[in-house]
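K.L.:
After the sequence you'll find the predicted model.
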Amino acid sequence: MILKGIEERRREVYRAEMAAQVYTMRPLATAHDAQAMIVDILKTRAWKKLSIVRRCKVAYVPQWDMESSCDWKDDNKIVGEMELTVGNLSEGTVSHELAHLAKGDNDNGHRFHFLRLQFAILDDNSMGAAETVLPHYAAELLSRNLITGREEWAKPYLKRWGEQMGRWASWLKPYLRD
Ligand SMILES: [Zn+2]
């Protein structure tokens, strides 16, 4: 069974990210670094293929009681803006917010489409993520009923987690059959 409630999904995705250390992955020192990272990603061919967003301005908001967020500044959704709050200056959180921004997917449901983009962005841009946090994150998503385990984009990561964890991940076996 797959979790469907928006609020429930949001909470569980955050927990999966926390468990796999996705959202704190590769800390950035300043908003300037986050901005440089975004400029770099938006220039890549891979990004241009998956999104029409061409610019995104980032701001650091030193608040403890707020979550990071993003939105579009124009009706065509070509220009975005992102706010990163305390504890969220990291490649992990910037990639999370970019996955929301990429295709106008901003209802906070964190559904398959969002997750697929998030994996693609991290895999393409964050060194080592494909071999470390992403396999773990995929397993966390599966164990929390956020994915079915049959998604083609998720399978390589689940497989890697199965290989890395050996018998500790024997629960994954039914999902790894072709
Ligand atoms: Zn989110």
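P.N.:
Yep, that arrived.

K.L.:
Please determine how far the closest residue to Trp153 other than its chain neighbours is located from His110.
P.N.:
Leaving aside its chain neighbours, Trp153 sits nearest to Arg116 (4.8 Å; criterion: CB to CB, 6 or more residues apart in numbering). The way it works is simple: take the backbone N, C-alpha and C, and place the C-beta from them, glycine included. The gap separating Arg116 from His110 is 11 Å, by CB to CB, to the nearest Å.

K.L.:
Compare the two (neighbour count), which wins?
P.N.:
More crowded of Arg116 and His110, by other CB atoms under 10 Å: His110, with 25 against 17.

K.L.:
was I right about that one contacting Arg11?
P.N.:
No: using CB atoms under 8 Å, His110 is not in contact with Arg11; the gap is 9.6 Å.

K.L.:
residue contacts, Cys115?
P.N.:
One thing to correct before we go on: residue 115 is Leu, not Cys. Listed by CB atoms under 8 Å, 6 or more residues apart in numbering, the contact set of Leu115 reads Val13, Ala99, Leu141, Leu146, Ile147, Ala154.

K.L.:
so the third one is in which element?
P.N.:
When elements are assigned from DSSP states H and E, Leu141 belongs to helix 133-143.

K.L.:
right, and the helix or strand after that helix?
P.N.:
Next helix or strand after helix 133-143 toward the C-terminus (DSSP H and E): helix 155-165.

K.L.:
could you give the angle of that next one to helix 133-143?
P.N.:
If you take axes from the mean of the first three to the mean of the last three CA atoms, to 10 degrees, helix 155-165 sits at 100 degrees to helix 133-143.

K.L.:
Pull out the buried positions in the very next helix or strand once past helix 155-165.
P.N.:
Counting by DSSP H and E, the element after helix 155-165 in chain order, helix or strand, is helix 173-176. Within helix 173-176, the residues that count as buried by 16 or more other CB atoms under 10 Å are Tyr175.

K.L.:
Helix 173-176: how far from the chain's middle?
P.N.:
23 Å (CA atoms, centre = their mean, to the nearest Å).

K.L.:
ok, back up a step: can I have the helix holding Leu141 written out in PDB, keeping just the CAs?
P.N.:
Included here for helix 133-143 are C-alpha records, laid out as PDB according to Å, rounded to 0.1, in the frame of the first residue of the first chain:
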ATOM      1  CA  VAL A 133      22.900   8.400   0.200                       C
ATOM      2  CA  LEU A 134      20.600   7.600  -2.800                       C
ATOM      3  CA  PRO A 135      20.600   3.800  -2.300                       C
ATOM      4  CA  HIS A 136      19.800   4.300   1.400                       C
ATOM      5  CA  TYR A 137      17.200   7.000   0.600                       C
ATOM      6  CA  ALA A 138      15.400   4.700  -1.900                       C
ATOM      7  CA  ALA A 139      15.300   1.900   0.700                       C
ATOM      8  CA  GLU A 140      13.900   4.400   3.300                       C
ATOM      9  CA  LEU A 141      11.200   5.500   0.800                       C
ATOM     10  CA  LEU A 142      10.200   1.900   0.200                       C
ATOM     11  CA  SER A 143      10.100   0.900   3.800                       C
END
